[in-house]
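Novice: build me a model:
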Amino acid sequence: MQRIRLTNTVFEGLNNVYVLDGTAGGGDSNELVLVDAGVALPDVREQLSSGLADLGHDLADVDRVLLTHWHADHAGLAGAIQAESGATIHVHEADAPLVAGDEEGLLEEQRLQREKFREWGMPEETRVELVEFLEDHGDLGGEPCDVESFVDGDAFQVNGRTLEAVHLPGHAAGLTAFHDAAGDEAFVGDAVLPKYTPNVGGADVRVEDPLGRYVESLLALIDLDPGTAWPGHRDRIDDPAGRAATILRHHVDRTGNVVDALAELGPSTPWEVSAALFGDLHGIHVLHGPGEAYAHLDHLAGAGVVERDGTRYALVDADPDVASLFPDSGIDRVVEWAGE
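Specialist: Model prediction:
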């Protein structure tokens with residue numbers, strides 16, 4: 001396995017594209033398979049082509065692309081790769097319509113975004129600016145392409161390796177890791193990252209109960225317990241289960257911060273809670289901040305700690321046991337992995 005690092009001027013950190021070309025697989029086949037594709041910008045395409053050339057390949061040689069999820073910084077160049085090489089593009093069924101450029105799916109995602117912006121209490125002027133920002137960067141998603149969808153548990157044979165699809169929704173509805181049990185490693189996309197905590201709530205507004213789904217995914221990754229994780233950004237993670245536990249602990253703490261914000265502010269919108277948590281936000285973070293606040297408020301509402309009235313959330317339980325709102329076994333594993 002080789003890694004090509006691609007610049008990314010819009011989202012967090014450099015993007016990783018992983019090259020599986022059979023040089024170390026020991027199998028009879030010698031396919032050129034990529035995990036993720038990078039954002040659809042001309043200079044990023046050139047970087048990908050150059051990186052492949054350094055490994056003795058050409059963009060036209062790519063046989064398959066396994067996408068961890070639909071976000072432009074991971075799937076944007078998939079259509080260009082397919083146009084150049086005829087490669088098969090694999091993506092989870094939940095994200096397939098967006099990667100394929102299905103008009104109905106794209107319009108529904110946009111409709112849900114605008115609906116959520118209003119539900120979050122985002123000021124009208126800010127909503128207009130955010131919509132313009134998203135539209136201005138819409139071409140980062142690249143060309144639509146034909147896709148082959150998969151579901152959790154499907155397996156891919158790649159140059160003597162078996163990669164099992166492990167569905168880990170939260171950050172995105174179709175986010176999937178590709179687990180090589182024999183090699184004790186997994187390509188995890190943005191399920192866990194080595195420095196930042198992946199955004200939930202804003203990154204994919206199609207996900208219902210985004211924080212709850214993400215917690216389930218973190219627990220699944222802890223159970224999977226691969227020795228190494230190869231993330232979509234930055235460097236490898238040598239203790240993925242430990243990193244997942246740390247992120248879970250972070251979300252327990254953030255839920256407590258949301259409760260504290262409501263106690264101080266009184267009934268508030270996700271936009272107002274976001275301002276209390278994160279301050280002023282710019283660019284893509286105008287989407288991520290209130291989305292994150294919403295994810296935690298929604299989780300608290302589901303647990304009966306807060307109640308929603310229109311766009312505002314108010315505390316019902318002024319002093320909740322926040323840790324009890326998360327799976328007990330999960331908290332036990334956080335303590336075990338974090339060494340607390």
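Novice: from here on, just use CA atoms for contacts and neighbour counts.
Specialist: Will do.
Novice: ok, residue 274 - how many residues close by?
Specialist: Using other Cα atoms under 10 Å, the number of residues around residue 274 comes to 24.
Novice: cool, residue 281 as well?
Specialist: Residues near residue 281, counting by other Cα under 10 Å, number 14.
Novice: repeat that for the one 3 residues further on.
Specialist: The criterion is other Cα under 10 Å. On that basis, residue 284 has 15 neighbouring residues.
Novice: next one: phi and psi at it?
Specialist: Here is the backbone geometry of residue 284 (degrees, to the nearest 10): phi -60, psi -20.
Novice: what of residue 172?
Specialist: phi -140, psi 150.
Novice: ok, so what distance separates the residue nearest to residue 14 when sequence neighbours are not counted from residue 152?
Specialist: Computed as Cα to Cα, 6 or more residues apart in numbering, the closest residue to residue 14 that is not its neighbour in sequence is residue 7, at 5.0 Å. To residue 152, residue 7 is 30 Å away according to Cα to Cα, to the nearest Å.
Novice: same question, residue 72
Specialist: For residue 72, the distance to residue 152 - Cα to Cα - is 22 Å.
Novice: quick one, which of the two is more surrounded?
Specialist: residue 72 (21 against 16).
Novice: which residues touch that one?
Specialist: By Cα atoms under 8 Å, 6 or more residues apart in numbering, residue 72 lies in contact with 38-40, 140-142.
Novice: can you check residue 157 too?
Specialist: So residue 157 contacts residue 163 (Cα under 8 Å, 6+ apart).
Novice: quick one: mean pLDDT for the helix or strand where it lies?
Specialist: Using DSSP states H and E, the element containing residue 157 is strand 155-158. Average pLDDT, strand 155-158: 98.
Novice: which parts of that strand are buried?
Specialist: Residues of strand 155-158 classed as buried: 155-156, 158 (neighbour count, 16 or more other Cα atoms under 10 Å).
Novice: out of these, who's nearest residue 165?
Specialist: Residue 165 has its nearest neighbour among these in residue 155, at 6.1 Å by Cα to Cα.
Novice: distance of the closest one from residue 16?
Specialist: Using Cα to Cα, residue 155 is found at 22 Å from residue 16.
Novice: before we move on, what about residue 247?
Specialist: Distance from residue 247 to residue 16, by Cα to Cα: 21 Å.
Novice: so these two - more neighbours on which side?
Specialist: Ranked by neighbour count (other Cα under 10 Å), residue 247 and residue 16 place residue 16 first, with 25 against 22.
Novice: who touches the helix or strand harbouring residue 51?
Specialist: Using DSSP H and E, residue 51 sits in helix 42-54. Contact with helix 42-54 is made by 4, 6-8, 38, 58-59, 77, as judged by Cα under 8 Å, 6+ apart.
Novice: what residues sit buried inside it?
Specialist: By 16+ other Cα under 10 Å, the buried positions in helix 42-54 come out as 44-45, 47-52.
Novice: output the lowest mean pLDDT helix or strand found in this protein.
Specialist: helix 328-338 (a mean of 54; mean pLDDT, DSSP states H and E).
Novice: what is the nearest of the buried residues of strand 155-158 to residue 32?
Specialist: residue 158 (8.8 Å).
Novice: pretty sure that closest one sits against residue 31.
Specialist: Yes - at 7.1 Å, residue 158 counts as touching residue 31 under the criterion of Cα atoms under 8 Å.
Novice: shared neighbours of the two, anything?
Specialist: Common neighbours of residue 158 and residue 31, using Cα under 8 Å, 6+ apart, are 20, 22.
Novice: longest helix in this structure, please.
Specialist: The longest helix of the chain (DSSP state H) is helix 240-265.
Novice: from the chain's centroid, how far away is the very next helix or strand once past that one?
Specialist: Remark: after helix 240-265, the chain's next helix or strand is helix 270-278, criterion DSSP H and E. How far helix 270-278 lies from its chain's middle: 22 Å, per Cα atoms, centre = their mean, to the nearest Å.
Novice: next one: stretch 32-43
Specialist: 16 Å.
Novice: which of the residues in that stretch are buried?
Specialist: Buried-residue list, stretch 32-43, by 16+ other Cα under 10 Å: 32-41.
Novice: and what of stretch 95-112?
Specialist: Buried residues in stretch 95-112 (16+ other Cα under 10 Å): 95-101, 105, 109-110.
Novice: and what of stretch 150-168?
Specialist: Of the residues in stretch 150-168, 150, 152, 155-156, 158-159, 161-168 count as buried by neighbour count, 16+ other Cα under 10 Å.
Novice: restricted to strands, list those.
Specialist: The strands, defined by DSSP state E, take in 150, 155-156, 158, 161-167 from the buried residues of stretch 150-168.
Novice: and those as CSV, adding distance to residue 260?
Specialist: Putting those into CSV (distance: Cα to Cα, whole Å) gives the following:
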residue, distance to residue 260
150, 42
155, 45
156, 46
158, 49
161, 49
162, 47
163, 43
164, 41
165, 39
166, 35
167, 33
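Novice: got a list of what residue 298 touches?
Specialist: residue 209.
Novice: is it in a helix, a strand, or coil?
Specialist: helix (DSSP: H, G, I helix; E, B strand; the rest coil).
Novice: cool, residue 111 as well?
Specialist: State at residue 111, reduced to three classes by three-state DSSP: helix.
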